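[1] From the sequence below, what's the structure:
(one chain, ligands or ions: 2)
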Amino acid sequence: MKKTIRDIDVKGKKVIARCDFNVPMQEGRITDDTRIRAALPTIEYLLEHDAALILMSHMGRPKGEPKMEFTLAPVAERLSEYLKKEVKFKSSPTVVDDEVKKMAEELKPGEVMLLENVRFRKEETENDPAFAKELASLAEVFVQEAFGTAHRAHASTAGIADYLPAVSGFLIEKEVKFLGSAVEDPKRPFVAIMGGAKVGDKIPVIRNLISRVDTLIIGGGMAYTFYKAMGLEIGTSILDADNTKLAGELMKQAEEAGVKMLLPVDVVCAAAFENDAETVTVDRDKMPADMMGMDIGPKSAELFAEEIGKAATVVWNGPMGVFEMPNFAEGTKKVAEALAASDAITVIGGGDSAAAVEQFGLADKMTHISTGGGASLEFLEGKTLPGIAVIQDK
Ligand SMILES: Nc1ncnc2c1ncn2[C@@H]1O[C@H](COP(=O)(O)OP(=O)(O)O)[C@@H](O)[C@H]1O
Ligand SMILES: O=C(OP(=O)(O)O)[C@H](O)COP(=O)(O)O
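    Ligands and ions are numbered 1, 2, ... in the order given. Reported below is the predicted structural model:
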């Protein structure tokens, strides 16, 4: 058992909490704040128990540079609205500077501040000990609450625990409890659905998933690397060229293990990455060389829905298409509807997948909406997540 914030006394202490506020954004506006709401019970508990609270998170992938389109300013504002109190925020390009240090020093019990996007520093993803120490120096206790980033061994998710006692927040506790019970001895047939755009991250996960699931459904941006491995034309669709060979091996591995692997049979293609671009819907062996796959086609949606109907447990991470654009949202919607209609245990994971399910008004029809996509998949693989490993045992 891991220690939680209930097991320690935070009264009058400086507490630094790592959250996953990496929320979907469009033109500087938050389009889904599930991840912010998910952290509120922990934040409120800490403030009510008189901690002086320093929050930190990443947003997107600014690659170690202070790119302002990835600022956490909108998150500070949304948090202030929910907490009904000021969330102090200074947009420092170095995350921590003299002014930020002073803000942290002067923070009183019951007050809260948010640091700027920790990925403005390249040392974050490098898990650089000096940066971890710099973050740790602001506080006396570390609270891990970033389930969505718990599969990353970064300075703010793992390294920091070398310098501070580490406990978990309520979200981590809830996610681990739920996912543990759903996937350790799953009701079968057990179906995993994978899509989205983080292809390079998620293809390697499939190797271990094959030994756990009965059926694997692959859609979204993931599909084209598999198509490529099958020798199909994929036009200008997103491709993870480094993993094409692996994709081929995985298809073979699934076949040998008796795991059904379903790929889309038809594709909605577009001439450009735009909602109003010219589109054609074609069978997968007819993709035009100058177009890109933007959504699964209707035959695929039906095929996937049928498979979902037979499942007893379904875990889904990654949209089936570019659902943010209405013309390419249909496949994701159909899959979400099939999950909503099923009696199976349904677990949806990931910032964008959760946003899609919210957008379709189907969130309350799912058994569990996890704040982690990659994290829930790695959990499902049976891996110990580095961000959880660092939390002290009871
Ligand atoms: N065919 C596709 N081409 C490009 N992007 C896609 C495609 N299908 C889905 N996506 C994009 O994938 C993104 C979500 O991917 P990912 O981050 O892996 O999911 P999650 O946040 O749920 O873990 C969405 O923004 C969506 O537009
Ligand atoms: O959005 C996230 O992951 P997800 O898309 O797998 O749900 C997390 O915030 C982790 O982000 P990262 O994949 O850039 O490390």
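[2] just for the stretch 151-300 of the chain, where's the confidence low?
    For the stretch 151-300 of the chain, no stretch is flagged by pLDDT under 70.
[3] can you do 90?
    Along the stretch 151-300 of the chain, segments meeting pLDDT under 90 span 180-185.
[4] Kindly report the same for the stretch 1-150 of the chain.
    For the stretch 1-150 of the chain, counting by pLDDT under 90, the residues that fall below are 1.
[5] Look through it and state the residue closest to ligand 1.
    Nearest to ligand 1, among the residues of the stretch 1-150 of the chain, is P24, at 7.2 Å (Cβ to the nearest ligand atom). For glycine as for every other residue, the C-beta is placed from the backbone atoms N, C-alpha and C.
[6] and the gap between that residue and R121?
    23 Å (Cβ to Cβ, to the nearest Å).
[7] got it, and A340?
    41 Å.
[8] And these two? Which one has more around it.
    The neighbour count for A340 versus R121, taken as other Cβ atoms under 10 Å, is higher for R121 (24 against 17).
[9] Checking the residue in the stretch 101-250 of the chain that ligand 1 sits nearest to next. Helix, strand or coil?
    Nearest residue of the stretch 101-250 of the chain to ligand 1, counting by Cβ to the nearest ligand atom: G196, 2.5 Å away. Three-state call for G196 (DSSP: H, G, I helix; E, B strand; the rest coil): coil.
[10] Need phi/psi at it.
    Backbone geometry at G196, expressed as degrees, to the nearest 10, gives phi 80, psi -170.
[11] neighbours around it, how many?
    Other residues close to G196 by other Cβ under 10 Å number 23.
[12] which one is it nearest to, not counting chain neighbours?
    Excluding its sequence neighbours, the residue lying closest to G196 (Cβ to Cβ, 6 or more residues apart in numbering) is G318, at 2.7 Å.
[13] So that neighbour is in contact with G350, correct?
    Yes: the pair G318 / G350 is scored as a contact, 6.3 Å apart, by Cβ atoms under 8 Å.
[14] So for the two, which residues contact both of them?
    Shared contacts of G318 and G350, defined by Cβ atoms under 8 Å, 6 or more residues apart in numbering, comprise G196, G373.
[15] so who does the residue nearest to G196 touch?
    193-198, 202, 219-222, 350, 352-353, 373.
[16] residue ranges for the strands of the stretch 1-150 of the chain, please.
    With DSSP state E, counting those that start in this stretch as the criterion, the stretch 1-150 of the chain has strands at 14-18, 25-26, 29-30, 52-56, 87-89, 112-114, 141-144.
[17] Include mean neighbour count when you put those into CSV, please.
    Converted to CSV, the strands of the stretch 1-150 of the chain look like this (neighbours: other Cβ atoms under 10 Å):
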stretch, mean neighbour count
strand 14-18, 25
strand 25-26, 13
strand 29-30, 12
strand 52-56, 26
strand 87-89, 20
strand 112-114, 23
strand 141-144, 27
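[18] Alongside ligand 2, which residues does the chain contribute?
    Residues of the chain lying close to ligand 2 (Cβ under 6 Å from any ligand atom) are D20, N22, R61, G148, T149, R152, K198, G350, G351, G372, G373, G374.
[19] And those, which two are furthest apart?
    Farthest-apart pair in the residues of the chain next to ligand 2 is R61 and G372; separation 16.3 Å (Cβ to Cβ).
[20] Near ligand 1, which residues of the stretch 251-394 of the chain are found?
    293-294, 317-319, 321-322, 324, 350-353, 373.
[21] which residues in the stretch 151-300 of the chain form strands?
    Counting by DSSP E, counting those that start in this stretch, the strands of the stretch 151-300 of the chain are 166-168, 190-194, 215-218, 260-262, 266-270, 279-283, 292-296.
[22] Which of the ones you listed sits closest to S156?
    Of the strands of the stretch 151-300 of the chain, nearest to S156 by Cβ to Cβ is strand 166-168, at 11.7 Å.
[23] What is the closest one packed up against?
    strand 141-144 (3 or more Cβ pairs under 8 Å, 6 or more residues apart in numbering; DSSP states H and E).
[24] Could you list the paired strands of the strand it packs on along with their orientation?
    Sheet pairing of strand 141-144 (DSSP bridges) gives strand 14-18 (parallel), strand 166-168 (parallel).
[25] can you put those in TSV and add distance to M68?
    Formatted as TSV, the strands paired with strand 141-144 follow (distance: least, Cβ to Cβ, whole Å):
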stretch	distance to M68
strand 14-18	22
strand 166-168	31
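[26] Please name whichever of the ones you listed is nearest to T125.
    Of those, nearest to T125 by Cβ to Cβ is strand 14-18, at 13.7 Å.
[27] What residue spans form the domains of this structure?
    5-172, 179-380 (automatic domain parsing).
[28] end to end, how far does the longest one reach?
    For domain 179-380, the first-to-last residue distance is 8 Å (Cα to Cα, to the nearest Å).
[29] How far off centre is that domain?
    Offset of domain 179-380 from its chain centre (Cα atoms, centre = their mean, to the nearest Å): 15 Å.
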